[in-house]
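> pasting the structure only:
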């Protein structure tokens, strides 16, 4: 089962990193279009998908999520800027 690590940018400029099996559904949840979503993103809507990585297992994705979450804001921005936006869209 594919699992995705993603980074969204909130309207406040903050970055939220998470994992999901269904990126579109999760973004809809974060933006209040479906039930669910993280407390942080509820307080800083709308959110915009900035980065995505596909992993073959949830365990692998969770490990990468934790790694990215430990980074500084600028390190996350460097990761976001290292990929072309068309590559991000092609992942979903």
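Yep, that arrived. Predicted model only: the values in this text are computed from it and were never measured. Numbers count the residues shown, from 1 in each chain.

> quick one: terminal-to-terminal distance for stretch 8-26?
11 Å (C-alpha to C-alpha, to the nearest Å).

> need the contact partners of it.
Defining contact as C-beta atoms under 8 Å, 6 or more residues apart in numbering, one finds that stretch 8-26 is touched by 1-7, 27, 30, 34, 36-38, 40-41, 44-50, 52, 58, 61-62, 65, 68-69, 73, 76-77, 80, 91-92. All C-beta atoms are positioned from the backbone trio N, CA, C, and that covers glycine.

> which helices and strands does the lengthiest helix in the chain pack with?
Once the chain is assigned using DSSP state H, the helix that runs over the most residues is helix 58-69. On a contact count with 3 or more C-beta pairs under 8 Å, 6 or more residues apart in numbering; DSSP states H and E, helix 58-69 meets strand 3-10, strand 15-20, strand 47-55.

> dump these to a markdown table, plus mean pLDDT and mean neighbour count.
A markdown table is the format used below for the helices and strands packed on helix 58-69 (pLDDT from 0 to 100; neighbours: other C-beta atoms under 10 Å):
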| stretch | mean pLDDT | mean neighbour count |
| --- | --- | --- |
| strand 3-10 | 96 | 22 |
| strand 15-20 | 97 | 20 |
| strand 47-55 | 95 | 19 |
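
> nearest to residue 84, out of the ones you listed?
When the helices and strands packed on helix 58-69 are ranked by proximity to residue 84, the top entry is strand 47-55, at 11.2 Å, counting by C-beta to C-beta.

> returning to that earlier point: drop anything exposed from the contacts of stretch 8-26.
Among those, those scoring as buried are 3-7, 27, 30, 37, 41, 44, 47, 49-50, 52, 61, 65, 68, 76-77 (criterion: 16 or more other C-beta atoms under 10 Å).

> any idea which helix or strand in the chain has the lowest mean pLDDT?
Scoring the helices and strands of the chain by mean pLDDT, DSSP states H and E places helix 85-91 at the bottom, with a mean of 73.

> now that one: buried residues?
Those would be residue 88, for helix 85-91 by 16+ other C-beta under 10 Å.
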